[in-house]
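Participant: This is a predicted model, with the sequence first.
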Amino acid sequence: MTVLVVTGTGTEVGKTVATAAVARAALAAGRSVAVLKPAQTGVGAGERGDADEVVRLAGPVTAVELARYPEPLAPATAARRAGLAPVRPQEIADAAQKLATEHDLVLVEGAGGLLVRFDDDDGGGGGGGGGGGTLADAALLLDAPVLVVASAGLGTLNTTALTAEALRARSLRPLGVLVGSWPRRPDLAARCNLTDLPSVAGAPLLGAVPEGAGALDGPAFRAGAAGWLAPALGGTWDAASASLT
């Protein structure tokens with residue numbers, strides 16, 4: 001696996017922090033890592049974006065951002081309103097493939113969910129109907145597996161199932177599910193979801209990043225990252241023990 005696409009089941013599910021954890025585990029294993037953020041929205045010139053945050057948390061990864069739009073909207077909408085060129089799936093795939101020639105692992109972090117549009121072109125949509133290119137289109141061009149970052153609590157089973165269904169409808173491979181923010185005091189729904197998420201996704205549960213991990217300083221984050229990820233992502237996390245806490 002040289003290129004891994006990281007998507008969320010929606011916004012604010014912990015995708016950037018999860019990406020940083022995966023990057024850190026790969027670095028700790030001696031792999032060179034690049035993080036590609038195709039479109040950063042809601043951040044002005046000179047401000048720190050998601051790729052910068054991955055570097056702060058994970059350590060020395062190559063961070064690449066293809067486009068930046070000031071308003072916190074879907075990339076296609078933000079580009080249109082700003083009068084700026086959108087990013088298209090082929091550009092994302094080309095950038096990821098170039099990075100893959102120079103790095104052992106390339107993490108492509110999407111914006112929001114799998115089918116959020118990057119552009120308004122009629123030719124997009126990943127074969128699932130509707131115009132506009134999406135992260136799914138880029139993943140298909142790359143023939144890359146997709147890591148799904150999901151929330152922990154009530155409602156996550158539906159959004160995770162929908163994301164997995166959309167992936168398979170496009171002949172894409174869900175590598176697994178990673179909980180992006182595991183609560184300090186998980187309720188009954190969160191604990192049960194650790195059992196049910198693999199079933200609805202049809203893919204393994206690959207870890208749980210603790211709530212507040214993104215607020216840690218770099219050294220503390222790097223020290224903890226392996227314990228939040230399953231062995232398939234280079235960590236030591238175990239779902240059975242996590243469900244009890």
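Facilitator: Structure received.
Participant: residue farthest from the centroid of this structure?
Facilitator: Note on the chain: the largest C-alpha distance from the chain mean falls to Gly83, namely 26.8 Å (C-alpha atoms, centre = their mean).
Participant: Look up phi and psi at that one.
Facilitator: In terms of degrees, to the nearest 10, the main-chain angles of Gly83 are phi 70, psi 30.
Participant: how far away is it from Tyr69?
Facilitator: 10 Å (C-beta to C-beta, to the nearest Å). Every C-beta, even on glycine, is put in place using the N, C-alpha and C of the backbone.
Participant: Next one: the residue farthest from the centre of the chain, what pLDDT does it get?
Facilitator: pLDDT, the model's per-residue confidence, is 96 for Gly83.
Participant: Any figure for the gap between it and Asp120?
Facilitator: Applying C-beta to C-beta to Gly83 and Asp120 gives a distance of 13 Å.
Participant: what does Val177 give?
Facilitator: For Val177 relative to Asp120 (C-beta to C-beta), the value is 30 Å.
Participant: The two: who's more crowded?
Facilitator: Higher neighbour count among Val177 and Asp120: Val177, with 28 against 14, using other C-beta atoms under 10 Å.
Participant: Quick check: what element follows the helix or strand hosting that one along the chain?
Facilitator: If you go by DSSP states H and E, Val177 is part of strand 174-182. Toward the C-terminus, strand 174-182 is succeeded by helix 188-201 as the next helix or strand (DSSP H and E).
Participant: tell me what that next one is packed against?
Facilitator: If you count contacts as 3 or more C-beta pairs under 8 Å, 6 or more residues apart in numbering; DSSP states H and E, helix 188-201 packs onto helix 156-169, strand 174-182, strand 205-210.
Participant: can you pull the pLDDT of Lys123?
Facilitator: Lys isn't right for residue 123; it's Gly. In the predicted model, Gly123 carries a pLDDT score of 56.
Participant: All the strands of this protein, residue numbers only.
Facilitator: Along the chain, counting by DSSP state E, strands occupy 3-8, 33-41, 62-69, 105-113, 146-150, 174-182, 205-210.
Participant: quick check, distance from the last one to the centre of its chain.
Facilitator: So that's strand 205-210. The chain centre lies 13 Å from the centre of strand 205-210; the measure is C-alpha atoms, centre = their mean, to the nearest Å.
Participant: what does the average pLDDT come to for it?
Facilitator: Here the average pLDDT along strand 205-210 is 97.
Participant: repeat for stretch 70-79
Facilitator: For stretch 70-79, mean pLDDT is 96.
Participant: Could you do stretch 174-185 as well?
Facilitator: For stretch 174-185, the per-residue pLDDT averages 96.
Participant: Export only the CA atoms of it, formatted as CSV.
Facilitator: Taking Å, rounded to 0.1, in the frame of the first residue of the first chain, the C-alpha atoms of stretch 174-185 are listed here in CSV:
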residue,chain,number,x,y,z
PRO,A,174,-12.7,0.1,2.2
LEU,A,175,-9.5,-0.7,4.1
GLY,A,176,-11.3,-0.3,7.4
VAL,A,177,-12.9,2.1,9.9
LEU,A,178,-11.1,4.3,12.4
VAL,A,179,-13.0,6.1,15.1
GLY,A,180,-11.8,9.6,15.0
SER,A,181,-12.6,10.8,18.5
TRP,A,182,-13.2,8.1,21.2
PRO,A,183,-14.8,9.8,24.2
ARG,A,184,-13.2,9.9,27.6
ARG,A,185,-16.5,8.5,29.1
